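1. Below: sequence and its predicted model.
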Amino acid sequence: MSSLTLKFMNKEKLYWFLQLFGWGSFAFVLIFLASLDSGISAVQVWAFILLAVFNLIATHFLRYLVKTYNWFKLGIPRLLFQTLLAILAISFVNVIAQILINIAFGTLSPQEDFRVLVILANLFQAFLFYIMWFLLYFLFHFLDNYNTSLKYEAKINEIRLNHLKSQLNPHFIFNALNSVRALVDEDPVKAKSAITRISNMLRFSLMMDKKQTIEFAEELNTVIDYLELESIRFEERLKVVYQIEDEAYSYKIPPMMLQTIVENAIKHGISNLVKGGIIEIKCREGLNDDLYIQVKNSGRLESPPSLQSKGDEGNGLSNTVQRLKLIYGDLASFRIFNTAPHFVITEIKIPKQKAILELTKQ
């Protein structure tokens with residue numbers, strides 16, 4: 001299966017394609033081998049097809065157990081024990097299914113099919129087939145998770161570089177230092193506080209590691225530092241309002257995600273308004289253990305931003321959307337829209353850490 005095919009085929013469709021192709025090939029090989037021996041009747045063909053259908057259902061049930069009870073999160077000894085026990089049970093059912101299929105199609109030979117050695121051979125054969133299937137499924141799961149990790153590492157490295165180049169670019173530092181210089185004589189205490197905030201932001205940027213997520217409080221503190229520095233530059237033109245529910249602090253979010261959204265609101269909203277405006281950050285917990293982060297800013301979204309853009313303007317938001325997809329899959333969402341009378345809202349939904357475990361059930 002090429003990477004181009006995988007791009008247009010989601011995991012569920014790929015799974016069913018491989019299931020149908022694999023067990024269809026299994027039936028074809030059995031029919032082909034039987035025809036080489038002494039010819040094969042239409043009844044035998046349908047018996048082999050029905051056996052392949054049973055195997056498809058049986059392995060799908062095994063997958064259901066693995067996903068529902070999150071077996072891949074278990075320790076190796078327990079995973080091996082539960083897997084072998086389940087496969088052995090399904091193998092017994094397979095032997096019974098073969099007998100029932102032979103009875104249904106009138107191909108049962110009691111003297112031959114009920115011999116202990118024949119039953120054991122069929123049991124061992126079914127056990128081997130299911131073991132091979134599980135190993136392939138486990139390998140696919142492992143490679144898929146590894147591929148996702150590689151994508152995230154590449155994206156986080158790209159974001160780190162973009163952050164150093166744009167989010168904390170020399171232009172921003174120049175403005176911040178100019179603001180601090182103006183405060184040195186006027187308000188030394190406030191100037192000292194501003195220098196501390198710049199230091200905090202630089203440290204956060206340079207020390208950001210490869211963690212997929214960080215504590216919400218860490219990200220919020222960086223955003224507060226950033227907005228305090230911008231408040232020095234915009235003075236009364238910028239008003240900031242925080243509405244943070246206590247439950248928000250129990251969540252983890254991708255590093256610099258909220259920072260990116262707030263900076264986008266300043267750059268494309270507040271800075272374009274002569275009288276300035278308001279930045280409102282609202283964080284609340286939804287009904288399904290999801291964290292809703294809203295950044296509301298004065299301004300108007302003239303046209304929807306290109307979230308696939310690689311240019312300077314679209315880079316921050318496109319990185320945010322891609323990171324959400326890589327980390328949370330379909331459990332997270334992103335949208336940006338106008339709201340009356342003259343405001344823009346950027347909203348992100350993030351699942352709680354326990355919900356992310358569902359992504360491993362693939």
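-> Yep, it's here. Values in this document were obtained by computation on a predicted structure and should not be read as measured data.

2. For the residue lying farthest from the centre of the chain, give its distance to residue 134.
-> Computed with C-alpha atoms, centre = their mean, the residue of the chain farthest from its C-alpha average is residue 111, at 55.2 Å. As judged by C-beta to C-beta, to the nearest Å, residue 111 and residue 134 stand 34 Å apart. The C-beta positions use only the backbone N, C-alpha and C, and glycine is treated the same way.

3. rewinding a little: quick one, phi psi at the residue farthest from the centre of the chain?
-> Residue 111 adopts backbone torsions of phi -60, psi -30, taken as degrees, to the nearest 10.

4. For residue 335, which residues are in contact?
-> Listed by C-beta atoms under 8 Å, 6 or more residues apart in numbering, the contact set of residue 335 reads 346, 347.

5. is it true that it lies in a strand?
-> Yes. Assessed with DSSP: H, G, I helix; E, B strand; the rest coil, residue 335 lies in a strand.

6. quick one: low-confidence parts of this structure?
-> Applying pLDDT under 70 to the chain flags residues 1-9, 37-39, 144-173, 175, 205-211, 304-316, 353-362.

7. Helices along that one, start to end?
-> Listed in chain order, the helices of the chain (DSSP state H) span 3-8, 11-38, 42-68, 76-105, 110-113, 116-162, 170-186, 188-207, 216-234, 257-268, 312-328, 353-356.

8. Can you give me the domain assignment for this structure?
-> When the chain is parsed with automatic domain parsing, its domains come out as 3-147, 236-360.

9. from the chain's centre, how far out does the shortest one sit?
-> Shown here is domain 236-360, whose average C-alpha point lies 18 Å from the average C-alpha point of the whole chain (C-alpha atoms, centre = their mean, to the nearest Å).

10. State the distance from residue 235 to residue 185.
-> Distance, residue 235 to residue 185, using C-beta to C-beta: 17 Å.

11. ignore the last one, residue 323
-> Noted for residue 323: a distance of 43 Å to residue 185, by C-beta to C-beta.

12. Excluding chain neighbours, what is closest to residue 219?
-> Spatially, and ignoring its direct neighbours in sequence, residue 219 is nearest to residue 258 (5.1 Å; C-beta to C-beta, 6 or more residues apart in numbering).

13. how about the one you found, what does it touch?
-> By C-beta under 8 Å, 6+ apart, the neighbours of residue 258 are 219, 220, 223, 281, 293, 295.

14. Tabulate those residues (a markdown table), appending distance to residue 122.
-> Putting these into a markdown table (distance: C-beta to C-beta, whole Å) gives the following:
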| residue | distance to residue 122 |
| --- | --- |
| 219 | 59 |
| 220 | 62 |
| 223 | 64 |
| 281 | 65 |
| 293 | 57 |
| 295 | 63 |
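
15. Out of the helices of the chain, which one sits most buried?
-> Highest mean neighbour count of these: helix 257-268, a mean of 22 (counted as mean count of other C-beta atoms under 10 Å).

16. and it with helix 216-234, angle?
-> Calculated by axes from the mean of the first three to the mean of the last three C-alpha atoms, to 10 degrees, helix 257-268 forms an angle of 20 degrees with helix 216-234.

17. quick one, helix 257-268 and helix 312-328 angle?
-> Going by the same axes, to 10 degrees, helix 257-268 makes 160 degrees with helix 312-328.

18. Buried residues, stretch 327-344. List them.
-> For stretch 327-344, the neighbour count (16 or more other C-beta atoms under 10 Å) marks 327, 328, 331, 332, 333, 334, 336, 343, 344 as buried.

19. Most widely separated two among those?
-> Greatest spatial distance among those (C-beta to C-beta): 327 and 343, at 28.3 Å.

20. re the thing from before, TSV for the domains of the chain, including distance to residue 180?
-> As requested, the domains of the chain are exported to TSV (distance: least, C-beta to C-beta, whole Å):
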stretch	distance to residue 180
domain 3-147	46
domain 236-360	17
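
21. Which among the ones you listed is found nearest to residue 196?
-> Across those, residue 196 has its closest neighbour in domain 236-360 (17.4 Å, C-beta to C-beta).

22. Redo the helices of the chain as CSV? Include distance to residue 299.
-> Formatted as CSV, the helices of the chain follow (distance: least, C-beta to C-beta, whole Å):
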stretch, distance to residue 299
helix 3-8, 36
helix 11-38, 39
helix 42-68, 44
helix 76-105, 53
helix 110-113, 78
helix 116-162, 23
helix 170-186, 19
helix 188-207, 24
helix 216-234, 14
helix 257-268, 7
helix 312-328, 14
helix 353-356, 33
